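Undergrad: the following block contains a protein sequence and its predicted model.
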Amino acid sequence: MPSLHPDQDHELREKLRSWIERNPLNLEPDQETLEREACSLARRLGQDGFMAYAVPRPYGGARETVQARDLCVIREELAFFAALADVMFGVQALGSYPVVIAGTEAQKKKYLPPLARAETIAAFALTEPEAGSDASAISMRAVKVSGGYSLNGSKHLISNAGIAQTYVVFASTEPSAKAKGISAFIVQADSPGFAVTEKTRLLSPHPIGVLAFDDCFVPESQLLGIEGAGLKIALQTLDTLRCTVGASAVGFARRALEEAIAHGRRRQQFGRAIAEFQGIQFKLAEMAADLEASRLLVYQAARAHDQRAPDLAVKSSIAKLFATEAAQRIVDQALQIHGGNGVVAGHITERLYRDVRALRIYEGTSEIQKLLIARELLK
């Protein structure tokens, strides 16, 4: 299909495709090798300059400011080839961005350069067993003590749990203030009282698990922003990174459509290629329309972010909602076109079917995106 991407993206896309050709990717690491492969991918993406796009130039980044369009291009291309590579880039950006937008100069100088080189790996710890879509329901406590804060509580479904060295953690410093009492902290993996208590296995390769904080001491210098600004920092981060989840969906969908077209041309039934049947052609046309609409919405949202447009949040929600739901439809139809081969373990469409499913849940479920969009419409 013809590309609707402008020329300025071409160089970055070609660099990524060349990098993937030079770096054979383990598409299905088992649970024993998952963390080792994830760390290796992160390091290679850092060494070759791609993680630097998640950090501003003054702190080792690739551009003067973090550009959502760059993040989308990188995630789309990585998702096309390997879900784990996309995960490692996406979570590094998610864990770095709160420091970018809320960190002091000292915090930025300390944490961002090693994150840009992936010498350290980041994590974003917001979700709790009873605080998922409703982030304001966070119950983890941060109590002021001499020289800093004592953190108590747990976080679950935290990407990069156990392999990250730098965690951005959200906890309540003033429970009576509810959403306005949540604060953000930078927590080092070697902090006393911090532990990874569980590694969780997902449908698709993804290092994720449960964090526990038992009188975990965090120096006052590692408070991000001011007390009570934590939820604002989290939401601003999610508003920016949501459109990049849509870009991942575009990458998965692109791969699914390409595989469906190739299979349709070579698979023979009733004496001719199945791509010659109108039923298959209709499926391919619908998949292509969904993909092109997704791509346009994602890059429109990225441009809104980069131009600091007032409606960037709603555009990002629309892009994530449409692109992730469309990708699910596209992958499902690609599997249908492949027939029985499509559900064989290890087949590309079977892998894509597992890889794409989580996108409709993390960084705000499709249902939450609908609420956010409707709220803007009704203002």
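TA: Looks like it arrived, so ask away.

Undergrad: return the residues in contact with Phe217.
TA: Residues near Phe217 by C-beta atoms under 8 Å, 6 or more residues apart in numbering: Val145, Gly148, Tyr149, Ser150, Leu151, Ser191, Pro192, Gly193. Heads up, the C-betas are built off the backbone N, CA and C, glycines and all.

Undergrad: what residues of the helix or strand hosting the fourth one count as buried?
TA: If I follow you right, that is Ser150. According to DSSP states H and E, Ser150 maps onto strand 148-159. Across strand 148-159, burial judged by 16 or more other C-beta atoms under 10 Å covers Gly148, Tyr149, Ser150, Leu151, Asn152, Gly153, Ser154, Lys155, His156, Leu157, Ile158, Ser159.

Undergrad: and the two most separated of those residues?
TA: Based on C-beta to C-beta, the longest span within the buried residues of strand 148-159 runs between Gly148 and Leu157 and measures 26.6 Å.

Undergrad: grab the nearest non-local neighbour of Gln268.
TA: Ile274 (7.5 Å; C-beta to C-beta, 6 or more residues apart in numbering).

Undergrad: for the stretch 251-379 of the chain, which segments count as helices?
TA: 278-306, 312-338, 348-357, 366-377 (DSSP state H, counting those that start in this stretch).

Undergrad: out of the ones you listed, flag the one nearest Cys216.
TA: Using C-beta to C-beta, those put helix 366-377 closest to Cys216, at 29.1 Å.

Undergrad: residues making contact with the closest one?
TA: Taking C-beta under 8 Å, 6+ apart as the rule, helix 366-377 contacts 133, 242, 311, 313-314, 317-318, 320-321, 324-325, 360, 364.

Undergrad: sec struct for Ser183, please.
TA: Three-state call for Ser183 (DSSP: H, G, I helix; E, B strand; the rest coil): strand.

Undergrad: next up, the contacts around it.
TA: Contacts of Ser183 by C-beta under 8 Å, 6+ apart are 142, 170-173, 223-230.

Undergrad: so what's it scoring on pLDDT?
TA: Looking at Ser183, its pLDDT reads 98.

Undergrad: I'd like to know how far it sits from Gly230.
TA: Taking C-beta to C-beta, to the nearest Å as the measure, Ser183 falls 4 Å from Gly230.

Undergrad: where does the chain have low pLDDT?
TA: Within the chain, the stretches with pLDDT under 70 are 1-8.

Undergrad: excluding chain neighbours, give the residue nearest to the residue nearest the centre of it in space.
TA: Among the residues of the chain, the one closest to the centroid is Gly90, at 3.8 Å (C-alpha atoms, centre = their mean). Excluding its sequence neighbours, the residue lying closest to Gly90 (C-beta to C-beta, 6+ apart) is Arg75, at 5.7 Å.

Undergrad: got phi/psi on the one you found?
TA: Main-chain torsions, Arg75, degrees, to the nearest 10: phi -70, psi -40.

Undergrad: same check, this time on Arg201
TA: phi -100, psi 130.

Undergrad: alright, that wraps it up for me.
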